[in-house]
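> Make a model of this:
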Amino acid sequence: RGSIYIGMASLADCPTVQGQLIQMDQVTGHIQHVFNVVPDDCQGGGIWTSPTIDEQTGKVYVSTGNPDPCWTSEPYASSLLELRASDLALIDSWQVPPSEWVIDSDFGSSPTLFTAQLGGVSRPLVGVAHKNGTYYAFLRDDIASGPIWRAAIAQGGSCPDCGDGSISTAAWDGTHLYVAGGRTTINGAPCYGSVRALNPTTG
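As a prediction, the model looks like this:
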C-alpha cells in the first residue's frame with residue numbers, strides 16, 4: 001500500500017547499532033515510521049533479515065538479532081515481532097528463551113507465512129529458523145504464547161557461514177514447509193547441511 005519496509009543492522013555487529021524497522025514512502029523515500037527494537041541509547045536487536053507482510057491482515061512479521069548489554073532489558077532482541085504495517089505499532093512478540101540462546105544469538109532468516117490443519121481447522125501460522133538450529137512455528141494471532149512446535153534442523157552455533165544453525169528462510173508450497181540448515185545428522189550419518197520437508201502441523 002505504498003510503503004517499503006527495511007531493517008537496520010550493522011555489518012557483522014562491528015559495531016552493533018540500535019536495531020530498527022523503517023517504513024518509507026515508495027515514491028519519495030520519506031521515512032513514515034520507525035520501530036526501535038531496543039531503547040534509545042542502547043544497541044542490539046539488529047534486523048538483518050527481510051520483513052514479511054501478511055497482506056490480508058495488514059501485519060508485518062520480522063525477526064531480530066542478538067541483545068547487547070544495556071541499562072535496561074531488551075525483550076525484543078533475538079525475537080519474532082508482529083507489527084501493524086500502517087504505523088509499525090507493536091502487536092505481539094516472542095523472545096527465544098535464554099536457555100536456548102547460543103553465542104551471538106540471532107535470528108538470521110526471515111519469517112515464512114504458512115497454514116496448517118489444527119483440530120481439523122486450517123490456521124494461519126508463521127515460522128522462522130534461528131542460529132541455534134531450531135525452527136519455531138507460531139499461531140499468527142498468538143505469538144506471545146510461544147511456539148506450537150519446534151523442529152531441530154541443525155547443530156546450533158554462532159557461525160552460520162561455518163555450518164552452525166540456520167540463516168536460511170523457509171519456503172512454503174501450500175502443502176510442505178521446506179527448511180534448510182547447517183551441520184546435522186540424518187539416519188545416523190553426519191551431514192554438512194540439509195533441506196527438510198516438514199509437516200506444517202507437527203514439524
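
> continuing past the lengthiest strand in the chain, what's the next helix or strand?
Looking across the chain with DSSP state E, the single longest strand is strand 121-129. Downstream of strand 121-129, the first helix or strand assigned by DSSP states H and E is strand 134-139.

> Tell me which residues of the following helix or strand past that next one come out buried.
Using DSSP H and E, the helix or strand that follows strand 134-139 in sequence is strand 149-152. By neighbour count on 16 or more other Cβ atoms under 10 Å, the buried set for strand 149-152 is Trp149, Ala151. In this view, the C-beta of every residue, glycine as well, is placed from N, C-alpha and C.

> Give the rounded mean pLDDT of strand 149-152.
Across strand 149-152, the average pLDDT comes to 97.

> about what we covered before: direction included, what does the longest strand of the chain pair against?
Within its sheet, strand 121-129 is paired with strand 112-118 (antiparallel), strand 134-139 (antiparallel), according to DSSP bridges.

> Deepest-packed of those, please.
Mean neighbour count (mean count of other Cβ atoms under 10 Å) peaks for strand 134-139 among those, with a mean of 23.

> Residues in contact with that one: which ones?
80, 94, 96, 100, 116, 123-130, 145-153, 156, 166, 170, 179, 181, 198, 200, 203 (Cβ atoms under 8 Å, 6 or more residues apart in numbering).
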